[in-house]
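Student: need coordinates for the below:
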Amino acid sequence: MPHGITHLFVPGPTNVPDVVRRAMNVPMEDHRAPDFPELTQPLFEDLKTVLGLTSGRVFLFPGSGTAAWEAAISNTLNRGDRVLMSRFGQFSQLWVEMAERLGLDVICVDVEWGSGVPVQDYEYHLSKDSSIKAVFVTHNETATGVTSDVAAVREVMDAQGSHALLFVDGVSSIASIDFLQDAWGVDLAVTGSQKGLMLPAGLAILGASDKALEVSRRSTMERSYFDFVDMIKTNDAGYFPYTPPVPLLHGLRASLDLLFAEGLPAVFARHHRLAEGVRRGVHALGLELCATGPEWYSDTVSAIRVPATVDGAEVCRIGYQRYRTSFGAGLAQVAGKVFRIGHLGDLNEVMCLAALAAAEMSLADAGADIELGAGVAAAQVYYRTTDVRSATPVDADHVPALTSR
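Tutor: The predicted structure follows:
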């Protein structure tokens, strides 16, 4: 019989803190009860804080982030609308496919997997085509470990006088990487419960600006389950138009309390520091990231290129079966070429070191010529010599020396 836990280092779902799991362990309750809004109404406001949204509103749909994708599109656009998108990983690709299936006229810019949103190409298309109704950005491409510059996209939209809506997929960034919906002019921000919010999958979260809400009143695309109108009518009173996943709402309360107790700036600094330690470990093994340069590095997931003689899927299989550790597999164009370490949510330094140690053993067993321990050692040095709160260097004289007995 195996001992201990199976370690989870996929980029979602992420580890659920014990306090959050306990908060979800509640008896079933009446979601029409007169005191139910005491739970729900603060959640809507607190999620606005996480998103950096002061006006507008937040919607909670039972579902994954994909449900929020569809809700955002179907409530604000019309069939035949021209939209500008880019494809540089599995999840940006899936968003393109959804837009096409919902009848949108998609201008899709294909980008090398490992790069991010092509701001200059967006600027070109916006300068040539004033009919574009929406611009889509995948903030953090989970398949390749790439984070894009949302603010830069808004800048070129404004420079070109575009009145298009700005859609952003923040599923693997929100609550882990700084996100400023108001400041960046994001009209529709999508995320899910199972990543930075440290919950099981099951809540699709959508932040909508005042502009998006106004546009939604003119949208004629077919929708029923995801209709903003139905949600607004009941949400304003603290209820939902259908049965909500009540235990997840209790868990969300606990997870938001954890985030606010730590402080969002500290949450983002922690993720950057942990990610940088993983990246240094990867480079110390002589391996490269899928992200083509530091400007694209993600603080929530690292997609690691395996040597040409090694199958990334085999690394994942060995990790799971031999070392009880789950890594993310390469998807679509990078299947077999990478494996992924998710480093987001309820995570600390020792957990990241465990991920690197399991990755080293799995890589070596799969045939990679690496020096066991080199990645772990590089991450250890980084973690010992940077401040926990800010990821800035500390005085080496204040790092306790290792002693033997």
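Student: so what's residue 232 closest to, chain neighbours aside?
Tutor: Nearest non-adjacent residue to residue 232, counting by C-beta to C-beta, 6 or more residues apart in numbering: residue 57, 7.4 Å away. Every residue, glycine included, has its C-beta placed from N, CA and C.
Student: would you check that that neighbour makes contact with residue 213?
Tutor: Yes. Residue 57 is within contact range of residue 213, at 6.9 Å (criterion: C-beta atoms under 8 Å).
Student: neighbour-wise, which of those two wins?
Tutor: residue 57 (21 against 18; other C-beta atoms under 10 Å).
Student: I'd like the distance between that one and residue 205.
Tutor: Here the criterion is C-beta to C-beta, to the nearest Å. By it, residue 57 lies 12 Å from residue 205.
Student: show the average pLDDT along stretch 373-380.
Tutor: Across stretch 373-380, pLDDT averages out at 98.
Student: list the buried residues in that stretch.
Tutor: 374-376, 378-380 (16 or more other C-beta atoms under 10 Å).
Student: same check on stretch 350-361?
Tutor: Buried residues in stretch 350-361 (16+ other C-beta under 10 Å): 352-353, 355-361.
Student: take the residues you listed and keep only those in helices.
Tutor: Among these, DSSP state H puts 352-353, 355-361 in helices.
Student: quick revisit: could you dump the buried residues of stretch 373-380 to a markdown table with secondary structure?
Tutor: Shown next, in a markdown table, are the buried residues of stretch 373-380 (DSSP: H, G, I helix; E, B strand; the rest coil):
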| residue | secondary structure |
| --- | --- |
| 374 | helix |
| 375 | helix |
| 376 | helix |
| 378 | helix |
| 379 | helix |
| 380 | helix |
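Student: list the contacts for the residue nearest to residue 232?
Tutor: 44, 48, 207-208, 213, 232, 235 (C-beta atoms under 8 Å, 6 or more residues apart in numbering).
Student: now it: phi and psi?
Tutor: Dihedral pair for residue 57: phi -160, psi 160, per degrees, to the nearest 10.
Student: do you know how far it is from residue 251?
Tutor: Residue 57 is 21 Å from residue 251, by C-beta to C-beta.
Student: wait, is residue 302 part of a strand?
Tutor: Yes. Applying three-state DSSP, one finds residue 302 inside a strand.
Student: I figured it hits residue 275, correct?
Tutor: Yes. Judged on C-beta under 8 Å, residue 302 makes contact with residue 275 at a distance of 6.8 Å.
Student: ok, back up a step: nearest to residue 337 among the ones in helices among the buried residues of stretch 350-361?
Tutor: Nearest to residue 337 among those is residue 359, at 15.3 Å by C-beta to C-beta.
Student: so where do the helices sit in the stretch 101-250 of the chain?
Tutor: Ranges of helices in the stretch 101-250 of the chain, per DSSP state H, counting those that start in this stretch, are 119-128, 150-159, 210-216, 228-235, 246-262.
Student: want to throw those into TSV with mean pLDDT and distance to residue 270?
Tutor: Formatted as TSV, those follow (pLDDT from 0 to 100; distance: least, C-beta to C-beta, whole Å):
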stretch	mean pLDDT	distance to residue 270
helix 119-128	98	28
helix 150-159	98	21
helix 210-216	98	31
helix 228-235	97	32
helix 246-262	98	8
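Student: for residue 309, see how far away the residue nearest the centre of the chain is.
Tutor: Nearest residue to the geometric centre of the chain (C-alpha atoms, centre = their mean): residue 172, 0.5 Å. The gap separating residue 172 from residue 309 is 30 Å, by C-beta to C-beta.
Student: coming back round to it: now for the buried residues of stretch 373-380: which two are most distant?
Tutor: 374 and 380 (10.8 Å).
Student: thinking again about what came up before, could you dump the ones in helices among the buried residues of stretch 350-361 into TSV with pLDDT added?
Tutor: Below are these laid out as TSV (pLDDT from 0 to 100):
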residue	pLDDT
352	98
353	98
355	98
356	98
357	98
358	98
359	98
360	98
361	98
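Student: residue 386: which of the residues you listed is nearest?
Tutor: residue 352 (12.7 Å).
Student: how near is that closest one to residue 68?
Tutor: 29 Å.
Student: go on, residue 45?
Tutor: For residue 45, the distance to residue 68 - C-beta to C-beta - is 18 Å.
Student: ok, the residue nearest to residue 65 when sequence neighbours are not counted to residue 100 distance?
Tutor: In this structure, residue 65 finds its nearest non-sequential neighbour in residue 192, 3.5 Å apart by C-beta to C-beta, 6+ apart. Note on residue 192: its distance to residue 100, by C-beta to C-beta, is 22 Å.
Student: more neighbours, these two?
Tutor: Of the pair residue 192 and residue 100, residue 192 is the one with more neighbours under other C-beta under 10 Å, namely 29 against 14.
Student: give me the buried positions along stretch 308-317.
Tutor: Buried-residue list, stretch 308-317, by 16+ other C-beta under 10 Å: 310-317.
Student: got these as CSV, with distance to residue 25 and pLDDT columns?
Tutor: Shown next, in CSV, are these (distance: C-beta to C-beta, whole Å; pLDDT from 0 to 100):
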residue, distance to residue 25, pLDDT
310, 42, 98
311, 40, 98
312, 37, 98
313, 36, 98
314, 38, 98
315, 35, 98
316, 31, 98
317, 33, 98
